[in-house]
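Enquirer: below: sequence and its predicted model.
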Amino acid sequence: MTTGITGSSGVRGDKEESEVPFDPEATGVIPRLTFDPPAGPVKSGSDKEAAKGAAEGGSKSGSDGFDGSKGGSEGGSDGSKGGAEGDSEGAGSAAGAAGSPGAEKTTAFRLPGPVRIGQPPAAEKGAAAASPVAGTQPMSLPSVGATPGEGTPSAEAAPAAGPQQAPATGPHQAPDSGPRQAPGTGPHQVPGAGPQQVPGEWHQAGGGEPQGAGGAALRQPALAGPGGGAGQRSAGAPGLAGRAGALVASAPKWLPVLLVLEGLFMYILALKVSPGPLRGVNPADIDGLGLISALPVTAFVAILIMIVSFFVTVAQSTDRKFLLLFQIAAITFALHGAGALVSSEPRFPTAYIHAGFVEFIGRTGETAINIDARMGWPGFFALFAFVTKAAGITDMTTILQWTPLLSNLLYLLPFVLILRQVVATTRARWFAALLFVLVQWIGQDYFSPQGFTFALYLAWVAILLRWFGRVEPRTKPIPPKGLRKLLGRLDAMTPGELANTGTYRADKLLMLMMLLALFFAATASHQITPFMMLGVVTAFLIFKRTSLTWALAFFLGLVVAAWISYMTVGFWASQIDTIFGGFGDIMANLRSNTGDRIEGTDPAHTMVLQARLGILVVILALAATGLFRRLRRGVFDRSALILLCVPVLALGLQSYGGEIGLRIYMFALPGACLLAAYAFFPNLPADSADVREETVPMRKRNTRLNPELTKKLTVVLAACFAVLFAMAFLLARYGNEKFERVTTGEVAAMRYVYDHDKPSARVVYLVPKLGDEVTPTMPWGEQDIERVNFGVQALVHKDPTQIADTVASVKAQPRNTYLMVSAGQVSYLQLNEGYPADWGTRFRAALDASPDLKRVYSNTDAALYTWKSFVRGTEIPEPEPYKGSGDPSTPWTPVGIGALAVTWVALLGYEIIRLNGPNRARKARKRLLFLAVPGFVVAVAVIVERFIYIAANN
């Protein structure tokens, strides 16, 4: 017996005598077992040997006796000698379908030609010589009592007898399983022998159904009986039936592609065409449920088709990577690209202020932390300022429009690499990738630093697992009792990750530099992401899941502390209480992120807010179930558990403006989705060439269902959850669409302000109560952020005729101040504060009737009001300078900078030397530690001194 292994590409080695080593790190390895034929006249193998059989038997097999696409066509042409060209072509087509390249991705058992039970090989010589090469070609067998003119196995008689094909879905019997019966005929027996097994190919996966191209059941080889039968065709009949059968047999290969393309095309038409029955989206139909209330039925059907296409592919016993990735990308386009397809302007008002930061840096070449604290982390804005200026881009509308979709497509790449480093089946990996798309509803993927650095975070984790992963079996004995016994048993379980093996030192050095680059970029771009990265690498070190050392953790921690201390002084100098006030107050931070977000006055919108919390509860419940099922199978997924739990620790930092809960949810998704996939597919993958793609569950007792049936039911159950999550996604993600959707009229009103902001301008926005942490619900700050001030609020009441407080807010401001009433602000007040449905129209009418205000600009979606008259000689004030007086310093600051440089060099040198191995250059590493430790202490002391000294003097 020879063994050929099909890897992720599904290509088998040509030489059977050379074995391909099994790769446990490959995704979806599906082994192939190929049995050599017994000694006898019938041979299968190379094209040359198969050609000899074809010249005598009227058929020709492909390379290795398994290339159906080649053997089927050539067998059809060469088999026309007997006057039955159509019959041969039909059988060849069916064989070609059964032996298509997709079929090489399943476990294959190749058996020889006709074998007489109980007879020595010499007795088979006469019958076997006239038979085709064992494979997928039609062949003739005599039945009991057949005369030579009817069923004698000769070169002339074989094509004359009509081939009788076995059902495409019928079970393939083993050679010792009894007689083989074709439709319309009796059992085929060799004269003088026992029951005869029809030659052919048996595709079997641990007792399951025979698998063919793409995992479908293969067609049996055609049989020729005496006098024909139900499957017999006339000698001159065309091979349309054979071609149709081949097309049906190959359906698992082309049907998923057709379904996903159909669903994608159907979805685009459903959203982009003009509104009508079962098509188009009318923005006026959007209510408290959000965009889902305006979507046509065809859009939901299209999403369902794409999800079904995905699970049809997943259910097959092959790992069709590119097709699965394309299907997930199509589902991502449908879910995360809906806003871009429907809206004429980029959605989400906050994206416009980020575009304003990019415009400011590109225009001035400087940052302005005194204008906005986010400019203290300008890495993301500076990057896009460089790109847009180098490319000559002046209008970022298209970039803002499609960033959410492109961000989620970008997230898939490192996440798939993360999935390749876990010990899981192909189904578990791809279902985790689908879940990652379906439950990513929080909307932090717009044009923003957090959306950009989340991609850096995923790449960071992927590099840690792929190039610096560490898996070591436990060698210590398990303690006899207590908590240590439980921990010892967990430590002794099978690791849920793959260890890094066979990586060259140069590769590790390059990846270490990449880790540092990703961390530096995240530190300079976002406030939260570097802490998540640092937490993950620290947890990996504690639980021994990385080959890196603590030197890197201290190096990175010092980078974050130094950036905050030296580069963001203008932000924290006068806000120490704001930064550290919520430190350790977990319950207060939790309340500000949950209770405030599930309250609402509009009944429909309340369902949206509760649906978001429901998705969180369900995904965490599935993650807990998946962890439990893996533990039952003796697998402890430490890395997935770390990725889930580390972000939760951020609750102890601060509320982050009431949004720390959203950030935690986003960073915990990779681990949560992976563990949730194990709730459906917890089994281990194949670990050798002798087992199936997915192992049988370890539970042996009280098994109520057949394991193969359980696998099918699990796929169906996973598909149902996927559909449920997809519908919930549309409700949760686009539930705020009524006020997060930006209209053309609102953008036009803001651009009127930009055209009249010389030398400065102010914009007053509407709030139900005065407060500090309120973001304007309008496209603000796209241009001239140093000239236009958005820091003034106007208090409004449920009674639209009470405008006294609003007028007073405008009156207290200098000239060139605009009160903006927009559709987004009005919708926010209606859905979250219970304002009447006609509040916006009546409020604008009251402002129009006010003797103190005048309307300077208006359209359907927005209106601008300013003070009607000012005292003569009143001037428009100059804008506030964006250049500060300089960052405050301390006497010990120069010493701290020197200590930072020494510590970083020593720690990085230690980590680089350590890449050679734990026993290399011990003395050199010890000297570097003697240098790094005092430098680290001095650097940290100076950082603390700066916080205390500067805060006390500002």
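Expert: Yep, it's here.
Enquirer: low-confidence stretches in the stretch 751-900 of the chain?
Expert: Applying pLDDT under 70 to the stretch 751-900 of the chain flags the ranges 773, 873, 884-886.
Enquirer: and the helices in it?
Expert: 804-811, 823-833, 839-849, 893-914 (DSSP state H, counting those that start in this stretch).
Enquirer: nearest to residue 647, of these?
Expert: The minimum distance between residue 647 and those falls on helix 893-914, with 25.0 Å, by Cβ to Cβ. Any C-beta I mention is one placed from the backbone N, CA and C, and that applies to glycine too.
Enquirer: helices or strands up against the closest one?
Expert: helix 505-523, helix 550-567, helix 922-952 (3 or more Cβ pairs under 8 Å, 6 or more residues apart in numbering; DSSP states H and E).
Enquirer: make it 7 Å
Expert: Packed against helix 893-914 by the contact rule (3 or more Cβ pairs under 7 Å, 6 or more residues apart in numbering; DSSP states H and E) you find helix 550-567, helix 922-952.
Enquirer: could you tell me the angle between the first one and helix 505-523?
Expert: For the pair helix 550-567 and helix 505-523, the angle between their directions (axes from the mean of the first three to the mean of the last three Cα atoms, to 10 degrees) equals 30 degrees.
Enquirer: next, residue 457: secondary structure please.
Expert: Classification of residue 457 using DSSP: H, G, I helix; E, B strand; the rest coil returns helix.
Enquirer: what's the neighbour count on it?
Expert: 27 (other Cβ atoms under 10 Å).
Enquirer: same deal with residue 510?
Expert: Neighbours around residue 510, by other Cβ under 10 Å: 12.
Enquirer: distance of it relative to residue 503?
Expert: 10 Å (Cβ to Cβ, to the nearest Å).
Enquirer: and residue 330, by the same measure?
Expert: 34 Å.
Enquirer: between the two, who's got more neighbours?
Expert: Ranked by neighbour count (other Cβ under 10 Å), residue 330 and residue 503 place residue 330 first, with 23 against 15.
Enquirer: now the more buried one: closest residue in space that isn't a chain neighbour?
Expert: residue 264 (4.8 Å; Cβ to Cβ, 6 or more residues apart in numbering).
Enquirer: hey, which of the helices of the stretch 751-900 of the chain is tucked in deepest?
Expert: Neighbour counts (mean count of other Cβ atoms under 10 Å) averaged over each of the helices of the stretch 751-900 of the chain peak at helix 823-833, with a mean of 22.
Enquirer: report the buried residues of whatever helix or strand residue 723 lives in.
Expert: Taking DSSP states H and E as the definition, residue 723 sits inside helix 707-733. Buried residues in helix 707-733, counted by 16 or more other Cβ atoms under 10 Å: 707, 711, 714-715, 718-719, 721-723, 725-733.
Enquirer: run through who's touching the following helix or strand past that helix.
Expert: Next helix or strand after helix 707-733 toward the C-terminus (DSSP H and E): helix 737-740. Contacts with helix 737-740, where a contact means Cβ atoms under 7 Å, 6 or more residues apart in numbering, come from 286, 290, 291, 347, 348, 777, 824, 827, 828, 831.
Enquirer: how does it look with 8 Å?
Expert: With contact meaning Cβ atoms under 8 Å, 6 or more residues apart in numbering, helix 737-740 is reached by 286-288, 290-291, 339, 347-349, 443, 777, 823-825, 827-828, 831.
Enquirer: before we move on, what about stretch 790-809?
Expert: Counting by Cβ under 8 Å, 6+ apart, 762-771, 774, 776, 780-781, 810, 813, 817, 819, 829, 833-836, 839-840, 842-843, 845-847, 850, 852-853 sit against stretch 790-809.
Enquirer: please name the residues that touch the spatially closest residue to residue 560 that is not a sequence neighbour.
Expert: Nearest residue to residue 560, sequence neighbours excluded (Cβ to Cβ, 6+ apart): residue 530, at 4.9 Å. Each residue near residue 530 by Cβ under 8 Å, 6+ apart is listed here: 519, 522, 523, 556, 559, 560.
Enquirer: wait, doesn't residue 677 sit right on residue 626?
Expert: Yes. Residue 677 is within contact range of residue 626, at 6.6 Å (criterion: Cβ atoms under 8 Å).
Enquirer: quick one: which of those two has more around it?
Expert: A count of neighbours by other Cβ under 10 Å puts residue 677 above the other of residue 677 and residue 626, at 29 against 25.
Enquirer: strands along this protein, start to end?
Expert: 2-6, 30-34, 108-110, 139-140, 163-165, 201-203, 222-224, 494-495, 635-636, 761-767, 788-795, 817-822, 853-858, 862-867 (DSSP state E).
Enquirer: quick check: chain neighbours aside, which residue is closest to residue 378?
Expert: residue 367 (4.6 Å).
Enquirer: how close does that neighbour get to residue 855?
Expert: 37 Å.
Enquirer: rewinding a little: which one of the helices of the stretch 751-900 of the chain lies closest to residue 671?
Expert: helix 893-914 (25.6 Å).
Enquirer: alpha carbons of the closest one, as CSV, please.
Expert: What follows is helix 893-914, C-alpha atoms only, in CSV (Å, rounded to 0.1, in the frame of the first residue of the first chain):
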residue,chain,number,x,y,z
THR,A,893,13.5,65.2,32.0
PRO,A,894,16.9,65.1,30.2
VAL,A,895,18.0,62.4,32.5
GLY,A,896,14.9,60.4,31.8
ILE,A,897,15.3,60.6,28.1
GLY,A,898,18.9,59.3,28.4
ALA,A,899,17.7,56.5,30.6
LEU,A,900,15.0,55.6,28.1
ALA,A,901,17.6,55.3,25.3
VAL,A,902,19.9,53.1,27.3
THR,A,903,17.1,50.8,28.5
TRP,A,904,15.6,50.3,25.0
VAL,A,905,19.0,49.4,23.5
ALA,A,906,19.8,47.0,26.2
LEU,A,907,16.4,45.2,26.2
LEU,A,908,16.2,45.0,22.5
GLY,A,909,19.7,43.6,22.3
TYR,A,910,18.8,41.0,24.9
GLU,A,911,15.8,39.9,22.9
ILE,A,912,17.7,39.7,19.6
ILE,A,913,20.4,37.5,21.1
ARG,A,914,17.8,35.3,22.7
